[in-house]
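*Asks:* let's see this in three dimensions:
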Amino acid sequence: MSKISVKHFNEAILSELPWGSDLGLRLDEVSHGKAVMRLPYDDRSTRPGGTISGPHMMLLADACMFAVVLTMIGDVRLAVTTNLNINFLRKPSQSDLIGTGNIIKLGKRLAVVEVDVTEESTGKRVAHVTGTYSIPPAAGES
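*Replies:* Numbering: from 1, shown residues only. Coordinates of the predicted model:
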């Protein structure tokens, strides 16, 4: 069972990420160790050539990884990205992007996560992202 809800993430946590909220970024689904996020298509996300910019795809992936980690550890907002690697696989069309994230390994202080970014319109994968999150020590630990 997930330690966060879709509603809590979208209301409490995304409110602290105003650039994501401004673009309509939202969590659609969660379960233990999994999350699905959506970045709606927006002209502000495009770059010359009509493709969605890499930084916007990275925003989607990083927020999705954060949601995945929180499904496992609860609302620990001081968990932070320590590494993010993105492989751009193809030019995305002008479509909503969907990030589907899964936990690879959860340790005491680190979480390794992967996210596939797909076009909603075709289901084609446009990027594969891996990342590591640092989990802060619990109160009283050093």
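*Asks:* contacts for the element among helices and strands of the chain having the smallest mean pLDDT, please.
*Replies:* Lowest by mean pLDDT, DSSP states H and E among the helices and strands of the chain is helix 18-22, with a mean of 82. Contact with helix 18-22 is made by L14, S15, L59, A63, as judged by Cβ atoms under 8 Å, 6 or more residues apart in numbering. C-beta: built from backbone N, CA, C; applies to glycine.
*Asks:* helices - which of the residues you listed land there?
*Replies:* If you go by DSSP state H, the contacts of helix 18-22 have L59, A63 in helices.
*Asks:* can I get the contacts of helix 18-22 in TSV with pLDDT?
*Replies:* Below are the contacts of helix 18-22 laid out as TSV (pLDDT from 0 to 100):
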residue	pLDDT
L14	82
S15	84
L59	95
A63	96
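*Asks:* need the max-distance pair from the contacts of helix 18-22.
*Replies:* S15 and L59 (15.5 Å; Cβ to Cβ).
*Asks:* most neighbours among the contacts of helix 18-22, which one?
*Replies:* With neighbours taken as other Cβ atoms under 10 Å, the top of the contacts of helix 18-22 is A63, carrying 24 neighbours.
*Asks:* ok, now which ones touch it?
*Replies:* Applying Cβ under 8 Å, 6+ apart, we find A63 in contact with L14, L17, G20, L25, M37, G99.
*Asks:* thinking again about what came up before, which element follows the least confident helix or strand of the chain toward the C-terminus?
*Replies:* With elements assigned by DSSP states H and E, the helix or strand that comes after helix 18-22 is strand 26-31.
*Asks:* using PDB, write out every CA atom in that following strand.
*Replies:* Provided in PDB are the C-alpha atoms of strand 26-31 (Å, rounded to 0.1, in the frame of the first residue of the first chain):
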ATOM      1  CA  ARG A  26      -0.100  16.100 -11.800                       C
ATOM      2  CA  LEU A  27       0.100  12.700 -10.200                       C
ATOM      3  CA  ASP A  28      -2.500  10.400 -11.700                       C
ATOM      4  CA  GLU A  29      -1.900   7.000  -9.900                       C
ATOM      5  CA  VAL A  30       0.100   5.600  -7.100                       C
ATOM      6  CA  SER A  31       0.700   2.200  -5.500                       C
END
